[in-house]
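S.K.: my questions concern the predicted model and sequence given below.
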Amino acid sequence: MKLTSENQDADAAVVLLLKLIDRDPQILIVERIENPTDPWSGQLALPGGKRDPKDRNLKETVARETLEETNINLLDHCRFLGTMKTLRSTLKPEMRILPFVVLLEAEPAIKLNEELEDFAWLSLRELVKQKGTVEFDFGEFPAYHARNSAIWGLTFRILERFVHILECLH
């Protein structure tokens with residue numbers, strides 16, 4: 001498994017935004033607000049969203065969505081490292097999501113928009129130690145436990161792939 005080019009067909013894009021602290025990758029996780037019309041309501045997630053017809057490519061999509069949601073300009077003080085393989089949402093199988101991997105080169109001033117409740121920089125090294133499951137009325141799922149909540153579903157699958165990529169590099 002490896003990072004790929006951004007020339008993949010997808011309907012949405014998310015960003016694994018990384019900053020390094022003592023060689024420990026920290027990843028930006030956002031918490032979505034509770035919203036009955038949002039299928040990912042209240043979940044811990046990665047910044048990003050749907051492609052807009054005005055977006056020339058998915059890099060523009062992820063940059064626009066991240067700026068709107070967090071006030072972080074990915075085109076400024078960031079290095080695009082690549083993309084991962086496109087994933088399909090289990091909740092919306094017709095939706096294809098392209099994860100971008102981006103390294104932050106300067107500390108941003110984060111300002112969340114109305115779609116988000118909170119954010120945190122989580123140590124990837126610590127996060128993988130918190131792997132377990134989360135249980136709902138509709139089933140039990142693999143998850144990372146963080147901030148008195150769980151990262152599960154699509155975000156969990158993206159993070160699992162990224163962790164696997166990092167393990168292959170060692």
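M.R.: Sure, I can see it. Numbering: from 1, shown residues only.

S.K.: do you know how far Leu166 is from Asn113?
M.R.: 30 Å (CB to CB, to the nearest Å). Glycine gets a C-beta too; all of them are placed from N, C-alpha and C.

S.K.: now Ile72
M.R.: Ile72 sits 11 Å away from Asn113 when distances are taken as CB to CB.

S.K.: compare those two (neighbour count), which wins?
M.R.: More neighbours sit around Ile72 than around the other of Ile72 and Asn113, counting by other CB atoms under 10 Å; the figures are 22 against 11.

S.K.: in this structure Ile27 contacts Ala120, no?
M.R.: No: counting by CB atoms under 8 Å, Ile27 sits too far from Ala120 to count as a contact (9.2 Å).

S.K.: so which of the two has more stuff around it?
M.R.: For the pair Ile27 and Ala120, the greater number of neighbours falls to Ile27 (20 against 13), based on other CB under 10 Å.

S.K.: do a quick rundown of the helices in the chain.
M.R.: Along the chain, the segments classed as helices by DSSP state H run 58-70, 124-129, 153-169.

S.K.: could you export the ones you listed as CSV, including distance to Asp11, mean pLDDT and mean neighbour count?
M.R.: Below are the helices of the chain laid out as CSV (distance: least, CB to CB, whole Å; pLDDT from 0 to 100; neighbours: other CB atoms under 10 Å):
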stretch, distance to Asp11, mean pLDDT, mean neighbour count
helix 58-70, 9, 98, 21
helix 124-129, 27, 94, 14
helix 153-169, 13, 92, 16
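
S.K.: what's the closest of those to Leu18?
M.R.: Evaluated with CB to CB, the helices of the chain place helix 124-129 nearest to Leu18, the distance being 8.0 Å.
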